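Peer 1: Could you work out the structure for the sequence below:
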Amino acid sequence: MSYQVMRSRNTGYPRLYHMAHLGSWPAIREDGLLSASALLDLYKIPKDKRVSLEKSRRPDSVRLVREGLPGAMLRDQKPMSDSALKKCLQDKLTPTDWYETLNAKSFFWLSQSRIWRLLKAKAYRDSVQTVLTIDSEPLILKYKKKIRLSPINSGSTIMNPQPRGNNTFSRIEDFPFAARAKTRAKAENVVELVIDHSVIVDEFGST
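Peer 2: Below you'll find the model as predicted:
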């Protein structure tokens, strides 16, 4: 898939979406949209405490606190379970491997339908969230070497868990966009855009 197709307003994905905790925008604007691992680094969480946050499922969101910083929340991982991951993981990966992989990335949805589905999910429907809307073209141009695309919701094993492994996240040029477009709607073709570690979003038209 070419970068031009990815960025096209007609056939591509002109907007990216990210759901964050209410009140998190000032910190995101200041420090960037940080992956879970990047937040643990920033808040200098001791190694013995970060193991359970980074290498295993978080059943609830966890607040991080450090003097001089505004505070941050690590999003829960309610949609996943170890038992389901063991059934769908490939390449001899373990649930621990998968949690580490996900925690190292910053995530964006590529369709409004996906972000609305998340907002209406049982775990979040009764709480106000912050939704970032990002212009995709400048972000893709700046971070294209770090961007990977996923054909599935990599952080969910609800319902019928899709297989996932070392090849789940592809470079833009390697993603089978045209082949998948023959049998899938655009919202189900490319599901996630991820960037390793962190991304500065304030310069890309965030709202």
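
Peer 1: Could you say which helix or strand holds residue 63?
Peer 2: strand 62-64 (DSSP states H and E).

Peer 1: Correction: the previous question concerned residue 118.
Peer 2: helix 112-119.

Peer 1: For the next helix or strand after that helix, which strands pair with it and how are they oriented?
Peer 2: Going down the chain from helix 112-119, the next helix or strand is strand 129-135, by DSSP H and E. Sheet pairing for strand 129-135, assigned by DSSP bridges, gives strand 15-21 (antiparallel).

Peer 1: Give me the contact list for the partner strand.
Peer 2: Applying CB atoms under 8 Å, 6 or more residues apart in numbering, the contact partners of strand 15-21 are 28, 33, 61, 73, 75, 106-112, 114-115, 118-119, 124, 129-136, 139, 193, 201. All C-beta spots, glycine's among them, are computed from the backbone N, C-alpha and C.

Peer 1: same check, this time on stretch 117-132
Peer 2: Stretch 117-132 has contacts (CB under 8 Å, 6+ apart) with 17-25, 28, 33, 76, 78-79, 109, 115, 201, 206-207.

Peer 1: on that earlier part again, can you list the strands that the strand holding residue 63 pairs with?
Peer 2: When DSSP bridges is applied, strand 62-64 pairs with strand 72-74 (antiparallel).

Peer 1: Now the partner strand: average pLDDT?
Peer 2: Averaging pLDDT along strand 72-74 gives 92.

Peer 1: And stretch 12-27, by the same measure?
Peer 2: Mean pLDDT, stretch 12-27: 89.

Peer 1: ditto for stretch 149-163
Peer 2: The average pLDDT within stretch 149-163 is 94.

Peer 1: Just the buried residues of that stretch, please?
Peer 2: Under the neighbour-count criterion of 16 or more other CB atoms under 10 Å, stretch 149-163 has 149-151, 153-157, 161 buried.

Peer 1: my read: residue 102 touches residue 157, true?
Peer 2: No: judged on CB atoms under 8 Å, residue 102 makes no contact with residue 157 at a distance of 11.8 Å.

Peer 1: filter the contacts of stretch 117-132 to the buried ones?
Peer 2: Of the contacts of stretch 117-132, these count as buried by 16+ other CB under 10 Å: 17-21, 24-25, 28, 33, 78-79, 109, 115, 201, 206.

Peer 1: State the pair within those that is farthest apart.
Peer 2: Distance extremes for those: the farthest pair is 78 and 206 at 25.8 Å, using CB to CB.

Peer 1: Can you report how many residues neighbour residue 111?
Peer 2: Using other CB atoms under 10 Å, residue 111 has 19 neighbouring residues.

Peer 1: Against residue 117, how distant is the nearest residue to it once chain neighbours are set aside?
Peer 2: Leaving out its chain neighbours, the residue that sits closest to residue 111 by CB to CB, 6 or more residues apart in numbering is residue 187, at 3.8 Å. Taking CB to CB, to the nearest Å as the measure, residue 187 falls 10 Å from residue 117.

Peer 1: same check, this time on residue 183
Peer 2: Residue 183 is 20 Å from residue 117, where distance means CB to CB.
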